[in-house]
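Engineer: build the 3D model from these lines:
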Amino acid sequence: MFKYITKRLYQMILVLFVVSIIVFFVMSFTGDPVLMMVTPDATQAQIDRARTELGLDKPLITQYFIFVKNILRGDFGKSYVFKQSAIKLIIERMPATLELVFVSVLLSIIVAIPLGVFAGAFPNKRSSKTIMLGSLLGISLPNFWVGMMLIFVFAVHFRVMPSSGRGEVVNFLGMRISIFTADGFKHIILPAVMLSIQSLAILLRLTRAGMMEVMKQDYIKFARSKGVLQNSLLFQHALKNALIPVITVFGIQIGKIIAFATVTETIFSWPGMGKLLIDSINRSDRPVMVAYLMIVAFIFVLLNFIVDIVYTSIDPRIDLR
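Structural biologist: Numbering: from 1, shown residues only. All right, here's what the predicted structure looks like:
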């Protein structure tokens with residue numbers, strides 16, 4: 001196990017190194033941030049001075065090595081717009097995004113797993129076919145359209161939910177959290193539903209497929225012949241063995257939820273990392289964009305690492321080689 005973990009950690013470092021190269025050089029061609037910072041009537045001398053202050057007058061390779069050196073010290077540079085540390089700006093917004101992701105993931109698990117188990121155990125029932133139709137719609141409908149429809153129906157037409165903002169927040173473990181207040185919880189429902197729909201549909205379909213395969217196995221037939229109760233048969237015997245492909249994809253889905261929360265946060269004016277990214281793109285704030293992408297890349301590789309370790313606790317038969 002130790003050798004396997006060491007190998008995976010080495011792979012994580014290699015992936016992050018490659019990502020840093022791609023992110024840095026792609027971001028270098030997204031526009032000239034100097035032109036966004038100086039006044040429209042700035043002289044060429046003022047433009048050159050601003051470029052020198054930002055370190056953008058050096059060769060691109062030199063800029064990259066300085067960038068890597070600073071990252072290893074935890075320094076992603078200062079925001080061109082806010083004049084603050086880029087990593088500090090992202091950390092300030094991170095609790096808002098993480099609580100939104102947490103509620104979305106929790107909603108996906110609570111709804112998708114039981115429905116997927118039912119649809120896989122009884123695939124020919126009309127209710128199972130209705131569930132699968134709903135999951136197909138969840139995968140097919142664009143997220144931004146779903147968000148706008150949620151706002152139109154629940155915020156504009158019925159006026160039972162707020163259309164934007166985060167609501168009241170409280171301090172919890174040094175972070176500003178909204179889900180522990182009634183107003184904050186009310187604000188998070190619509191964006192969490194929008195963010196969870198596609199992952200919920202994918203998780204549901206994977207659970208159903210896994211259950212349909214497991215229910216054909218001999219040990220399930222043997223357990224049923226011994227008189228094992230239906231709930232115990234489905235959730236203790238069958239579900240555990242159907243979870244491995246589900247965990248694989250769902251680990252990646254959590255990373256995607258974090259990475260693509262930008263659309264949800266923009267539509268609902270949710271003050272998270274995604275909203276900060278969109279604002280930074282509009283202003284060519286390169287340090288914030290690079291810091292965000294590197295953090296999201298780290299989250300992706302970390303989640304994949306955790307998923308690989310979780311495999312062995314679910315199914316010890318997996319060969320770590």
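Engineer: show me which positions of the helix ranked longest in the chain end up buried.
Structural biologist: Ranked by residue count, the top helix of the chain under DSSP state H comes out as helix 86-121. Burial within helix 86-121, assessed by neighbour count using 16 or more other Cβ atoms under 10 Å, is assigned to 86-87, 89-90, 92-105, 107-108, 112-113, 115-121. Quick note: C-beta positions are derived from backbone N, CA and C, even for glycine.
Engineer: same for that helix, what does it pack against?
Structural biologist: helix 126-140, strand 175-177, helix 182-214, helix 239-259, helix 261-267, helix 273-282, helix 286-314 (3 or more Cβ pairs under 8 Å, 6 or more residues apart in numbering; DSSP states H and E).
Engineer: tell me what angle it forms with helix 273-282.
Structural biologist: Relative orientation of helix 86-121 versus helix 273-282 (axes from the mean of the first three to the mean of the last three Cα atoms, to 10 degrees): 130 degrees.
Engineer: take the helices and strands packed on helix 86-121 and write them to JSON lines, including mean pLDDT, mean neighbour count and distance to F2.
Structural biologist: Shown next, in JSON lines, are the helices and strands packed on helix 86-121 (pLDDT from 0 to 100; neighbours: other Cβ atoms under 10 Å; distance: least, Cβ to Cβ, whole Å):
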{"stretch": "helix 126-140", "mean pLDDT": "94", "mean neighbour count": "14", "distance to F2": "40"}
{"stretch": "strand 175-177", "mean pLDDT": "90", "mean neighbour count": "16", "distance to F2": "34"}
{"stretch": "helix 182-214", "mean pLDDT": "94", "mean neighbour count": "22", "distance to F2": "30"}
{"stretch": "helix 239-259", "mean pLDDT": "82", "mean neighbour count": "19", "distance to F2": "22"}
{"stretch": "helix 261-267", "mean pLDDT": "92", "mean neighbour count": "22", "distance to F2": "35"}
{"stretch": "helix 273-282", "mean pLDDT": "89", "mean neighbour count": "20", "distance to F2": "34"}
{"stretch": "helix 286-314", "mean pLDDT": "84", "mean neighbour count": "19", "distance to F2": "12"}
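Engineer: what about the ones you listed, which gets the closest to S232?
Structural biologist: Ranking these by proximity to S232 (Cβ to Cβ) places helix 239-259 first, at 10.4 Å.
Engineer: touching that closest one from outside, list them.
Structural biologist: 97-98, 101, 104-105, 108, 113, 117, 120, 195-196, 199, 202-203, 206-207, 209-211, 213-214, 217, 296, 299-300, 303-304, 306-307, 310-311, 314-315 (Cβ atoms under 8 Å, 6 or more residues apart in numbering).
Engineer: now do that helix: distance to the chain's middle.
Structural biologist: The chain centroid and the centroid of helix 239-259 are separated by 12 Å under Cα atoms, centre = their mean, to the nearest Å.
Engineer: tilt between that helix and helix 86-121?
Structural biologist: Using the same axes, to 10 degrees: helix 239-259 against helix 86-121 is 150 degrees.
Engineer: so which of the helices and strands packed on helix 86-121 is nearest L56?
Structural biologist: That would be helix 286-314 among the helices and strands packed on helix 86-121, by Cβ to Cβ, at 9.0 Å.
Engineer: the closest one packs against which elements?
Structural biologist: helix 2-27, helix 86-121, helix 239-259, helix 273-282.
Engineer: who wins for proximity to Q44 among the ones you listed?
Structural biologist: helix 2-27 (24.3 Å).
Engineer: coming back round to it: got the angle for the longest helix of the chain vs helix 286-314?
Structural biologist: Using the same axes, to 10 degrees: helix 86-121 against helix 286-314 is 40 degrees.
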